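Student: Can you look at this prediction? I've put the sequence above it.
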Amino acid sequence: MPQRPFYALLIGINQYQCETVPDLRGCVHDATTMHNLLQTHFGGAAENMTTLIDAAATHQAIRAAFQLRLLAPLQAWAANGRLGEQPAILFYFSGHGSRAPSISKPSGFDETLVPHDSRTAEVYDIKDWELGEWLAELTPYTDNVTVILDCCHSGSGTRSDKKTVTDIRGCHDDLRPQPARAGKIVVAPVMRGAIDLSKQRGHLGYVLLAACRNDEKAREDNLGDPPQRQGLLTYWLQHTLRAMEPQQPLRYRELYDQVHHRVQSAHRDQTPQCEGDRDRLFLGGVRAGGSRWLSVLEVSDGLVWVDSGQAHGLTPGSIVHVYAAGISLENRPAQPPLAILEVETVEAARSGCRRIGTDQAVGIPPGAQALVHTYGPARTRTKLALMVAEGWFLKALRERLLRADIRPQIELTLPGEQAALQLTLVGEYLQLQDGSGEQIYQRYDLRALNPYRRPFQADDLTPVVRDLQHRLHQRHVQLLASEADSEVALAIAVQLDRLLVDAHDQSLQTAPLASDAAGNVVIPVDQPFVLHITNHYTKPLFFTLLELGYAGDINRLYPQIAGANDAVASQKSLIVGQTADRDQQFRMQLPAGMQTVEETFKIIATTEEANFEHLLQGKMPPQPQPASITRGGQTRDLGPSPTDHKGYTFGNDVLPSDRWGIITIPIKIVRTISG
């Protein structure tokens, strides 16, 4: 059962009233099976779910159902004192997506959902901003809204005077003059034909799952046994949800990765997208930290391929544990893995593994997920010093650090040997410190770790080891670097500037950001800035931008939307944050009383699209809020200059240095700039 009551509005449209809009065949089945799944598998109350199909799904009927079946129950719950858990909302649409002219969009078009009666006299599509307005009405009552759109993001069909049936869920643009928007309405901003719900400052309660990118087509096909017409996104979404234990719901990021893998396996040119608060549990309000897990891509030629490679820091000899799809990895699973793998072949963004130590007859199902259990010998372990006097406590601490979950990551140092981290006993408190003795995270009260005042046992130190693992993971990402001769890294030019917005006409200019004596780019608090990344490589590159926060957090600043990482062509640039819209700008923040911190930006470039989701992690509580970025641009040249490309090859294999590269930018966030 979900962790809270939920209300659902589901729409499926096969038949369209307008003769120039082609009919579909799988959308009604999508909506009705989703309704049944929510009711039977997740305990949804029948009176809380509304399904509109075909002629019942007119523009006016959809709007009325949104008001009466989603908004009104929330208002009634609030009027009754907000008793019980905050309800969740699910809005699901299966049908055509399209576009309509807009004077307010740079593209000249609004993205739209096409109701049954749209394109008839005085009836228009549901605009993206219109859906945004509807969703904004829910925010005073709930921060838990899920939007699922199984349609194309833009018009991809052709106009025909004869009624047709299509397998593509996108129809021609509606080029009629559109009704004017009444006044200036503040709603959730829009990106890629979907409501970009993650952009709302201080509000991460929305999750959007969409069938494809803006320039792609959402498909339906005969799927299942027996085969029935259904959308690819919906079919694999339902398949994953059925395999999920309702009492152990997946986070949206886990759900998305499962669906993304399956859809991409069937059609490489349809890429589902996910944005918003992906760390929520499905239809739940808990944000779980979660373990970092990989996806099994395929099993071929005796090797199991996972989506982690050199760019992620995986090395030969690493041990990987595989689990069935649908298992929640909020904590490391108690059940044994389906398979234990040893990494044998490491490429830029994926690795081939051989099975060891488990029953070879046990199959690895498509979409299985995996955890890195230990890293290979090529990865240097972090040296850790124990600044603790001999006794029961030191004995228990050593015993805990020798366990399998932490031992492969650390090397205990000898007295006087330099260490990167140290555990130091100060009075009745244990501190995790860096090599210089500066405290990291909170200190640990020995009385809280061992309230019974008996001799310390290894299990008492588990909270300390948890935080140590958190710090070690950030250190692992901090140390990620490409080879010095990486052709890709040498071909990336990076600029970082402050953004200046004219108060009168909102025109944009950039100016250099200063650097300190240590080479850190200095970014004042609340100063908008932009990042400009230019690809001088001979091939298109995919870029991922990570922020390594001072509180141990690792955030992905670009792409914000999972599945939206488009390749940047040779000699072209990626600009992030250059906008007059404050909600889309990059700005750094510091907690009250903190004057300066040092952080790191990492730009990872690959010649093939890669998943870096499992490198991310949240900050360690109860630290103050870390320097935060509101969104994520063109600027000063911090990266290497363009270089001549040697283009080395060996047989048919491209050198690893020609497949990926990393640029590291140290930054300092300051509250004020002296002088």
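Tutor: Okay, I see it.

Student: shaky segments in the chain?
Tutor: For the chain, residues meeting the criterion pLDDT under 70 lie at 1-3, 106, 154-162, 182-205, 286-291, 325-334, 358, 366-367, 621-657, 672-675.

Student: How is it partitioned into domains?
Tutor: With automatic domain parsing as the criterion, the domains of the chain are listed as 6-276, 294-374, 382-478, 487-670.

Student: looking at these, which is closest to residue 285?
Tutor: Using Cβ to Cβ as the measure, domain 6-276 is the one of the domains of the chain that comes nearest residue 285, at 5.4 Å. Just so you know, the C-beta spots here come from the backbone N, C-alpha and C atoms, and that holds for glycine as well.

Student: quick revisit: need the domains of the chain in TSV (columns: mean neighbour count).
Tutor: Putting the domains of the chain into TSV (neighbours: other Cβ atoms under 10 Å) gives the following:
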stretch	mean neighbour count
domain 6-276	19
domain 294-374	19
domain 382-478	16
domain 487-670	18
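
Student: got the ones you listed as a markdown table, with distance to residue 285 columns?
Tutor: A markdown table is the format used below for the domains of the chain (distance: least, Cβ to Cβ, whole Å):
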| stretch | distance to residue 285 |
| --- | --- |
| domain 6-276 | 5 |
| domain 294-374 | 14 |
| domain 382-478 | 23 |
| domain 487-670 | 16 |
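
Student: out of these, nearest to residue 284?
Tutor: Among these, the nearest to residue 284 by Cβ to Cβ is domain 6-276 (5.7 Å).

Student: Which helix or strand contains the closest residue in space to residue 222 that isn't next to it in sequence?
Tutor: Distance criterion Cβ to Cβ, 6 or more residues apart in numbering; nearest residue to residue 222, sequence neighbours excluded, is residue 229 at 6.0 Å. For residue 229, the host element (DSSP states H and E) is strand 228-231.

Student: ok, now residue 264?
Tutor: Element membership of residue 264 [criterion: DSSP H and E] is helix 252-266.

Student: Same question for residue 30.
Tutor: Per DSSP H and E, residue 30 falls inside helix 27-40.

Student: Distance from that helix to the middle of the chain?
Tutor: 26 Å (Cα atoms, centre = their mean, to the nearest Å).

Student: Which residues does it contact?
Tutor: Contacting residues not belonging to helix 27-40 are listed as 6, 8, 10-14, 44-46, 49, 51-54, 90, 92, 94-95, 150, 169, 220, 228-231, 234, 238, 241-242 [Cβ atoms under 8 Å, 6 or more residues apart in numbering].

Student: Let's see which of those end up in helices.
Tutor: 234, 238, 241-242 (DSSP state H).

Student: CA-only coordinates of the helix or strand hosting residue 72 in CSV, if you can.
Tutor: Following DSSP H and E, one finds residue 72 within helix 72-79. Extracted in CSV, the C-alpha atoms of helix 72-79 (Å, rounded to 0.1, in the frame of the first residue of the first chain):
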residue,chain,number,x,y,z
ALA,A,72,-11.8,19.5,-4.5
PRO,A,73,-10.8,16.5,-2.3
LEU,A,74,-7.6,18.3,-1.3
GLN,A,75,-9.6,21.4,-0.4
ALA,A,76,-12.0,19.3,1.7
TRP,A,77,-9.1,17.6,3.4
ALA,A,78,-7.6,21.0,4.3
ALA,A,79,-10.9,22.4,5.5
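
Student: can you map out the helices along the stretch 151-300 of the chain?
Tutor: Using DSSP state H, counting those that start in this stretch, the helices of the stretch 151-300 of the chain run over 232-243, 252-266.

Student: Now for the protein: which helix has the highest residue count?
Tutor: The chain, longest helix under DSSP H: helix 462-478.

Student: helices or strands next to that one in the packing?
Tutor: Packing partners of helix 462-478 (3 or more Cβ pairs under 8 Å, 6 or more residues apart in numbering; DSSP states H and E): strand 382-387, helix 392-401, strand 421-426, strand 429-434, strand 439-445, strand 542-548, strand 554-558.

Student: Give the next helix or strand downstream of that helix.
Tutor: Counting by DSSP H and E, the element after helix 462-478 in chain order, helix or strand, is helix 487-490.

Student: Just want the angle from whichever helix or strand comes after that next one to strand 542-548.
Tutor: Per DSSP H and E, helix 487-490 leads on to strand 492-501 as the next helix or strand towards the C-terminus. On the basis of axes from the mean of the first three to the mean of the last three Cα atoms, to 10 degrees, strand 492-501 is oriented at 70 degrees to strand 542-548.

Student: packing partners for strand 492-501?
Tutor: Short answer (3+ Cβ pairs under 8 Å, 6+ apart): strand 492-501 packs on strand 508-512, strand 521-524, strand 529-535, strand 596-606, strand 660-670.

Student: CA atoms only for the fourth one, dumped as PDB, please.
Tutor: If I follow you right, that is strand 596-606. Listed next in PDB are the C-alpha coordinates belonging to strand 596-606 (Å, rounded to 0.1, in the frame of the first residue of the first chain):
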ATOM      1  CA  THR A 596      33.000  31.100   2.700                       C
ATOM      2  CA  VAL A 597      33.300  27.500   1.500                       C
ATOM      3  CA  GLU A 598      35.200  25.700  -1.200                       C
ATOM      4  CA  GLU A 599      33.500  23.300  -3.600                       C
ATOM      5  CA  THR A 600      34.200  21.700  -6.900                       C
ATOM      6  CA  PHE A 601      32.500  21.500 -10.300                       C
ATOM      7  CA  LYS A 602      33.200  18.500 -12.400                       C
ATOM      8  CA  ILE A 603      32.400  18.300 -16.200                       C
ATOM      9  CA  ILE A 604      32.300  14.800 -17.500                       C
ATOM     10  CA  ALA A 605      32.300  14.400 -21.300                       C
ATOM     11  CA  THR A 606      31.700  11.100 -23.100                       C
END
